[in-house]
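*Asks:* sequence and predicted model, in that order:
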Protein chains: 4
Amino acid sequence: MHTVTQPVDAPPPAAPPAATRVAVAGATGYTGQELLRLLSRHPRVTLTAAMSSGQAGGAARRLPALARLWDGEIAPLSREALARDADVVFLALPDIAAAEIAPPLVAAGVRVIDLSGAFRLRDEAARARWYPETHQLPEGVAYGLTERERAAVASARLVANPGCYPTAAQLPLIPLIEKKLIDAGDIIIDAKSGVTGAGRDAKQGSLYSEVTEGIHAYGVASHRHAPEIEQGLAEAAGKPILVNFTPHLVPMSRGILATIYVKMAPGVTADQLRAALTERYRKEYFVRVLPNGSAPATRHVRGSNFVLMSVHADRVPNRAIIMAVEDNLVKGASGQAVQNMNVMAGFPEETALEQLPLFP
Amino acid sequence: MHTVTQPVDAPPPAAPPAATRVAVAGATGYTGQELLRLLSRHPRVTLTAAMSSGQAGGAARRLPALARLWDGEIAPLSREALARDADVVFLALPDIAAAEIAPPLVAAGVRVIDLSGAFRLRDEAARARWYPETHQLPEGVAYGLTERERAAVASARLVANPGCYPTAAQLPLIPLIEKKLIDAGDIIIDAKSGVTGAGRDAKQGSLYSEVTEGIHAYGVASHRHAPEIEQGLAEAAGKPILVNFTPHLVPMSRGILATIYVKMAPGVTADQLRAALTERYRKEYFVRVLPNGSAPATRHVRGSNFVLMSVHADRVPNRAIIMAVEDNLVKGASGQAVQNMNVMAGFPEETALEQLPLFP
Amino acid sequence: MHTVTQPVDAPPPAAPPAATRVAVAGATGYTGQELLRLLSRHPRVTLTAAMSSGQAGGAARRLPALARLWDGEIAPLSREALARDADVVFLALPDIAAAEIAPPLVAAGVRVIDLSGAFRLRDEAARARWYPETHQLPEGVAYGLTERERAAVASARLVANPGCYPTAAQLPLIPLIEKKLIDAGDIIIDAKSGVTGAGRDAKQGSLYSEVTEGIHAYGVASHRHAPEIEQGLAEAAGKPILVNFTPHLVPMSRGILATIYVKMAPGVTADQLRAALTERYRKEYFVRVLPNGSAPATRHVRGSNFVLMSVHADRVPNRAIIMAVEDNLVKGASGQAVQNMNVMAGFPEETALEQLPLFP
Amino acid sequence: MHTVTQPVDAPPPAAPPAATRVAVAGATGYTGQELLRLLSRHPRVTLTAAMSSGQAGGAARRLPALARLWDGEIAPLSREALARDADVVFLALPDIAAAEIAPPLVAAGVRVIDLSGAFRLRDEAARARWYPETHQLPEGVAYGLTERERAAVASARLVANPGCYPTAAQLPLIPLIEKKLIDAGDIIIDAKSGVTGAGRDAKQGSLYSEVTEGIHAYGVASHRHAPEIEQGLAEAAGKPILVNFTPHLVPMSRGILATIYVKMAPGVTADQLRAALTERYRKEYFVRVLPNGSAPATRHVRGSNFVLMSVHADRVPNRAIIMAVEDNLVKGASGQAVQNMNVMAGFPEETALEQLPLFP
């Protein structure tokens, strides 16, 4: 839908008849805007609605970055309109709002991709603690870690799109745990995130002058992404797992770096870990394992759906360091959501996600 | 060339036979990398060579952001290879290197788009002062301010791609001067630029800790972009012009904001200035005039080829404030260079330039 | 009060009997914290209270940067306590709160230094427009631009501490206007400010991800600091003055750069402007005029009460460019407030303000 | 030496006769400038020389932040002048230059505080690997981790000032190892540093546009600060120790955060770790242990000599997370150097180091 030619005042060419109708609920937050950015370039979909509970009004003011590319209006949030006008709905809403609106949409036959945490945890007790407003999981829920759950996503009615940290942590760890190359009981995940991870709501802690030129940890030993990570790793291990997970806030808008400290199984080397990851992701477009000696930088994936990972031998024997980077708004949120939609609709998986990293 | 499908190890599909062969000389600097980023997504060109005088070697290490999208090698700079393998050569080199290599390339029948300043000034005396290594302009030179010089660019042998500041300053000012809406003798351009404008060479003044969290002016009353701006404005005015031009260094990688202070012709209003610009750029894809009351932000064009501009009535009678923003690496350099190539080759002008702004 | 010696658990030595008792109302905002930082090192004052309307509670959590240096409690705002416990009260409150609380404090015999804008404008019409909650100026008000109003400040009951922009603009311009070296009718002030100027309230526009890596103008032709600047310049000129004043938001916490474009009186040179400023400020500790060819950088005054200024000949004949930098939280707010207190109390003016700039 | 009063053109008052004469070699780098900043406010020393091997010339241009506070000239580096004019010499030089100049200065009777790594490692094999230019340690060398080595520093001829990372890592870990509260064989130090740690030399990797808005690890498993940390911890443990140490580059000028993952001895709790650190540092002016639940932020120590640390129970049983922050240029370099000088000279240890953190 982006092949606008002059005169630009003319209406854009109509999408081909069979286009999938998509809508975004929560269009003015960071993940919502990122969805619009990506979807506006998607040749196989028609964006039928962009809604916001708080900030309906002219798109030009809310989304100046999308000028000329999407000129629709931000409408008030309406479940009825979503059910009527869209085949696929992206929810970029707070957990509590998503927990409320997703089940009836699914019941109405709409396929839903939910970027909140409301439907990610399968264990009832864990869900009751971290997402108490989610009473039960609808049928047809898939956890949308695409590279791992592709088949489930393809047929899902509701995709629980993974959290940003869990995506960066699980992609490298799951294959290593499955192959029993590392000790699943000794995993430390020191994660560093950009500020958009905290959303676009006005909070003192996210003010420029509170964040710039400094770093600190937050949510130490109490972040809700820890149980989500553990859920995936436990499934791979076939037993319950506890991980150390310590997130830090870094003065950057986008990006996550997970530095992961692991103990290798007896006799295993870092080279073997790297080889296993390379083999696992050889055919995956969005995941790339760096050669020995290279450490990934978040700025090499900014704006893209790529994940870069690396493995390093530690100076402590039998230990290794694994790193993974992603853009938290793309592969960590809206990009993976579009990737999941492509899987659900049978489009080539990278459609609208070839967006190159922007460096610098 | 980006429609890679799995397995990703397979060779990319061959470009169609009639593809334009393009090469980039100076591929490891910021403008060179940006050219690769844009060209790697261009469906009508084949990138035949990327060269660097200083840093030949594996592309993977130099250009990690391009992994999976361009996996060629950075080769040593070779005039012969450029003349042999490319139909269009982009020069992203220092002025002195461009001044030397461009004329023989043109003579060999290659079309050249030069991003340096070497061939921008038509006045011999000015050129002798600011670009002494450029002895004369080859025949067939066009100044590549696309929206103004489209016809000349279409047939040019050598395009002198405009400077970043001159692009941001001339686009709003030239139409107003041509229509005699402002006093061409009373123009003050207070410009603010990101740090990539200083290039990628290691200089103390460009170190992170020298730039972050501060602002200062530089090149006060002595920047070589002033005569380039004046050349364009003088042509529009039909008489010589001197402008005040004061550039400032802002802690951001990309972006230019030009805040321009003008005196209006008797009886003219700011609304008339805005209407004139809106009309002038109505059919231009990349230029957008904001409505009354909106001031443009550089972060709304980051990574894109767009220019946003605005006009504001001053509180001082008969004066107005004009603002224009661009990404200095895109519309201010590599994006406009690709735009010019599209014009030269007869491609739709926005091809490979639909890259959306990345916000935040 | 900072000569703590071990053991640090011991109570700090009592301040000498004659110490001035000072209090800060609005202690948790940026200017309030900066006041505490400066006052905690002042050898001649006792900080008797720090109050906040919104965030009373333990100082350790609110003001971690002051740990070991000031361990008092942030108390709820109380006019009675201020009147009882302090000789001098600093108001770091919103305009409307300051307008309400200052007059009764003055009436109670307390000397007040108000950092808000409530009492800065002497013209009733202007005040009614920009600060409608301020009904009238109490007797004994001085405008606290220290270098200009030292005598008035010394005897004032209420000091209206200048705005950040007006400080940076008036210090260089007033002497030049008084000496008739520039045309007071042709002044353009392009100002660039750090984000703390917007205060510590949670606003979307001040979020890290909305501000970093970009620049934009705001309050174009409608900023309330314009009439404050004009008030000072008009007094110097002996006639009403309108200035162009365009503020920009820069991704930095602290700092203001004012780039000022002026037309010189016939026959006057930039060197004469520089000489006049140098002579005017030769005996001023906090103001320094740079030699020809140097442009000031905000990072050279960060954290200090200094103002650096420079004068540059423009390439346009008869025009000059004047620059001034300050830290908006120090000389632009809390530092000048302490400087004024020193004048009021008869202390050496630089007491507690010898804080060196922090670079980088 | 900072009690300048008007007129500021007058010579500063002479230092009292018994002042210690100090000199700084390497005065134009970041640690050198920071030494000048701190020493210029020290009431008991006279700064007799500031030298630079590369950039001799007027101080005003090199050190604009010191204007009015230190107006001396930067002189060429001269061993003879240092030996003649100074009682204490600070070396802020590259390792190789320090290795060469320190021994003859010591032999000439000058006391030396060396901020390089040349004399930090006592083990010959380790030194030969990491600092091959240092042939042997002179007699009278002390390792300047002040809180631990106070007595040795007091009588030292040469103080090897600790590295920035080793200071942040050893201060919390040594007491815990000495008390056998943690397993010295299972320590992971994930460290995050600002960019000044890389020095002021022009390097592409330190350019603004390469650093801003991103994070990456560097020197993985091969940083020379690892053996320095291990040296201190091994001494505390009474046996050799290997640690995991992974440094990351964060987009900030100043600051280090060390996030340290430890396994506790059987039966030990995180509260006990915290209590042990609190007790250990109760009488130390510059070290402060935060209460349970608080995580330290680098911006709360910026510009100051303070270290903040915290202890957190991990969600993994028997494990804890320890955090420590410092300003790498102050407690991590120049501040600790001045602290050591104070110890050597018998001055109160906090003299000239009461500099408050600058927040924001």
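*Replies:* Ah, there it is.
*Asks:* would you mind measuring from the spatially closest residue to residue A:79 that is not a sequence neighbour to chain B?
*Replies:* Excluding the flanking residues, the one nearest residue A:79 by Cβ to Cβ, 6 or more residues apart in numbering or on different chains is residue A:101, at 5.7 Å. C-beta here means a position set from N, CA and C on the backbone, and glycine is covered the same way. Going from residue A:101 to chain B by Cβ to the nearest Cβ, to the nearest Å gives 26 Å.
*Asks:* distance check, residue A:101 against residue A:52.
*Replies:* Going from residue A:101 to residue A:52 by Cβ to Cβ, to the nearest Å gives 13 Å.
*Asks:* quick one on the thing from earlier: am I right that the residue nearest to residue A:79 is in contact with residue A:80?
*Replies:* No - with contacts counted by Cβ atoms under 8 Å, residue A:101 stays clear of residue A:80, the gap being 11.1 Å.
*Asks:* so between those two, which is more surrounded?
*Replies:* More crowded of residue A:101 and residue A:80, by other Cβ atoms under 10 Å in any protein chain shown: residue A:101, with 21 against 9.
*Asks:* how about the contacts made by that one?
*Replies:* Neighbouring residues of residue A:101 by Cβ atoms under 8 Å, 6 or more residues apart in numbering or on different chains: A:25, A:79, A:82, A:91, A:93.
*Asks:* residues of the helix or strand hosting it that come out buried?
*Replies:* Counting by DSSP states H and E, the element that carries residue A:101 is helix A:95-107. For helix A:95-107, the buried set under the neighbour-count rule, 16 or more other Cβ atoms under 10 Å in any protein chain shown, comprises A:95, A:97, A:98, A:99, A:100, A:101, A:102, A:103, A:105, A:106.
*Asks:* return the residues of the stretch 201-350 of chain A in contact with chain B.
*Replies:* Within the stretch 201-350 of chain A, the positions adjacent to chain B are A:212-213, A:253-254, A:282-285, A:288, A:291, A:294, A:297, A:299-303, A:306, A:308, A:348-350 by Cβ under 8 Å from any Cβ of the partner chain.
*Asks:* filter those to the buried ones?
*Replies:* Buried positions within these, assessed by neighbour count (16+ other Cβ under 10 Å), are A:212-213, A:253-254, A:284-285, A:288, A:294, A:297, A:299-303, A:306, A:308, A:349-350.
*Asks:* among those residues, which are in reach of chain C?
*Replies:* Contacts with chain C are made by A:212, A:213, A:253 out of those, judged by Cβ under 8 Å from any Cβ.
*Asks:* go ahead and confirm the second one touches residue D:212.
*Replies:* No - at 10.9 Å, residue A:213 and residue D:212 do not qualify as touching, with contact defined as Cβ under 8 Å.
*Asks:* now the common contact residues for these two.
*Replies:* The contact sets of residue A:213 and residue D:212 overlap at B:212, D:251 (Cβ under 8 Å, 6+ apart).
*Asks:* ok so, going back, nearest to residue A:141 among the ones next to chain C among the buried ones among the residues of the stretch 201-350 of chain A next to chain B?
*Replies:* Nearest to residue A:141 out of those is residue A:253 (Cβ to Cβ; 30.9 Å).
*Asks:* dump the residue contacts of that closest one.
*Replies:* Contact analysis of residue A:253 by Cβ under 8 Å, 6+ apart lists A:194, A:195, A:196, B:360, C:208, C:209, C:212, C:213, D:213.
*Asks:* of the residues you listed, just say which sits nearest to residue A:218.
*Replies:* residue A:195 (11.3 Å).
*Asks:* tally of neighbours for the closest one?
*Replies:* Counted with other Cβ under 10 Å, residues neighbouring residue A:195 total 28.
*Asks:* could you find the closest non-adjacent residue to it?
*Replies:* Nearest residue to residue A:195, sequence neighbours excluded (Cβ to Cβ, 6+ apart): residue C:208, at 4.4 Å.
*Asks:* now that neighbour. Its backbone dihedrals?
*Replies:* Per-residue torsions, residue C:208: phi -50, psi -50 (degrees, to the nearest 10).
*Asks:* isn't it up against residue A:199?
*Replies:* No - Residue C:208 is beyond contact range of residue A:199, at 11.7 Å (criterion: Cβ under 8 Å).
*Asks:* the two: who's more crowded?
*Replies:* For residue C:208 versus residue A:199, neighbours defined as other Cβ under 10 Å are more numerous around residue C:208 (25 against 16).
*Asks:* need the contact list for the more buried one.
*Replies:* Taking Cβ under 8 Å, 6+ apart, we find residue C:208 in contact with A:195, A:206, A:207, A:208, A:210, A:211, A:212, A:251, A:253.
*Asks:* span of stretch A:346-360 from start to end?
*Replies:* Terminal residues of stretch A:346-360 are spaced 34 Å apart (Cα to Cα, to the nearest Å).
*Asks:* any part of that stretch near chain D?
*Replies:* Yes - interface with chain D: stretch A:346-360 contributes residue A:360 (Cβ under 8 Å from any Cβ).
*Asks:* now do the buried residues in that stretch.
*Replies:* A:347, A:349-360.
*Asks:* chain D contacts on the stretch 51-200 of chain A?
*Replies:* Residues of the stretch 51-200 of chain A found near chain D (Cβ under 8 Å from any Cβ) are A:188, A:190, A:192, A:194.
*Asks:* okay, the residues you listed in CSV with secondary structure and neighbour count next?
*Replies:* Below are those laid out as CSV (DSSP: H, G, I helix; E, B strand; the rest coil; neighbours: other Cβ atoms under 10 Å in any protein chain shown):
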residue, secondary structure, neighbour count
A:188, strand, 23
A:190, strand, 25
A:192, strand, 28
A:194, coil, 30
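*Asks:* list just the nearest of those residues to chain D.
*Replies:* In terms of Cβ to the nearest Cβ, no member of these lies closer to chain D than residue A:190, at 4.2 Å.
*Asks:* enumerate every residue touching the closest one.
*Replies:* Under the criterion of Cβ under 8 Å, 6+ apart, the neighbours of residue A:190 are A:246, A:248, A:258, A:259, A:260, A:261, D:190, D:259, D:261.
*Asks:* sketch out the low-pLDDT regions of chain A for me.
*Replies:* Chain A contains residues with pLDDT under 70 at A:1-18, A:55-71.
*Asks:* how is it divided into domains?
*Replies:* A:20-139, A:165-328 (automatic domain parsing).
*Asks:* could you pick out the residues of the stretch 101-250 of chain A near chain C for me?
*Replies:* Contact residues (Cβ under 8 Å from any Cβ) of the stretch 101-250 of chain A with chain C: A:194-196, A:200-204, A:206-213.
*Asks:* looking at the buried residues of helix A:95-107, which is nearest residue C:338?
*Replies:* residue A:95 (46.8 Å).
*Asks:* am I right that that closest one is in contact with residue A:116?
*Replies:* Yes - with contact defined as Cβ under 8 Å, residue A:95 reaches residue A:116; the gap is 4.6 Å.
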